[in-house]
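# okay, here's the prediction I keep looking at, along with the sequence it came from:
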Amino acid sequence: MEIETHPHKPFVPPNLQILIIGSFPGKDQALQGKWFYSAPRNQFWKIIEAVYRKELTTTIEKQELFSALGIGMADIILKAKRKANNNLDQNLDIIAFNDKALTKILRQHPNLKILFTSRFVEKHFKKLFPLIQNIECLPSPSPRFATMSLADKISRYRELLPTM
């Protein structure tokens, strides 16, 4: 398998208050240049649409909503190889972390609330940034995280994300 490089820079609106950190784009998403969390089975945007009762069909609509809310996005991994032909985090051989970009964001916005899209991301973030405190893990938007219903995931995201 070849080394893949993350296709997107972190999304950081000027009024950043919450940073959502994921792992790495899905294989098809990376190849097609689709924006964060756009793998077809990923429930992230479906959850966000339900939380804000707003249809989000384009990258611009997603960016406008998150800009208005002060929500940014980044991934913990910059470069990876896939050990298998799927999107599971466990099958990523991490070549390089996105620590330089994340360090820059953390320095510029020291009072951020940080939300992770999985325990996998949280574990790696804590190794890279052990002193950062204001952190919490969202329910994974992966459909493989079936221990929680979509409705329960939406409810938890509503608790942790800002209101309009």
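Nice, I can see it.

# what does stretch 93-113 contact?
Outside stretch 93-113, the residues within contact range by C-beta atoms under 8 Å, 6 or more residues apart in numbering are 3, 6, 9-10, 12, 16-19, 21, 72, 74-83, 124-125, 128-129, 132, 134-136. From N, CA and C alone the C-beta is placed, and that goes for glycine too.

# from the residues you listed, which would you call buried?
With burial judged by 16 or more other C-beta atoms under 10 Å, the buried subset of the contacts of stretch 93-113 is 6, 10, 12, 16, 18-19, 21, 72, 74-80, 82, 124-125, 135.

# the contacts of stretch 93-113 in helices, which ones?
When the contacts of stretch 93-113 are checked against helices (DSSP state H), the matches are His124, Phe125, Leu128.

# which residue packs closest to the last one, ignoring adjacent ones?
Spatially, and ignoring its direct neighbours in sequence, Leu128 is nearest to Asp99 (5.2 Å; C-beta to C-beta, 6 or more residues apart in numbering).

# partner strands of whichever strand or helix holds Ala96, with direction?
According to DSSP states H and E, Ala96 maps onto strand 92-97. Strand 92-97 has its sheet partners listed here by DSSP bridges as strand 77-82 (antiparallel).

# so Asn42 makes contact with Gly26?
Yes. Counting by C-beta atoms under 8 Å, Gly26 is a contact partner of Asn42 at 6.9 Å.

# hang on, the earlier thing: of the ones in helices among the contacts of stretch 93-113, closest to Tyr157?
Phe125 (18.7 Å; C-beta to C-beta).

# ok, now which ones touch the closest one?
Ile21, Ile76, Leu102, Ile114, Phe116, Ile132, Ile135.

# how deep is Lys46 tucked in, by neighbour count?
16 (other C-beta atoms under 10 Å).

# could you do Phe11 as well?
Neighbour tally, Phe11, other C-beta under 10 Å: 19.

# check Arg144 too.
11.

# and for the one 10 residues further on?
Other residues within reach of Ile154, judged by other C-beta under 10 Å, total 17.

# repeat that for the one 3 residues further on.
When counting by other C-beta under 10 Å, one arrives at 20 neighbours for Tyr157.

# so what does it look like in phi/psi?
Per-residue torsions, Tyr157: phi -60, psi -40 (degrees, to the nearest 10).

# list the contacts of it.
With C-beta under 8 Å, 6+ apart, Tyr157 has these contacts: Ile47, Ile48, Val51, Leu138, Pro139.

# in strands, which of the residues you listed appear?
Taking DSSP state E as the definition of strands, those contribute nothing to them.
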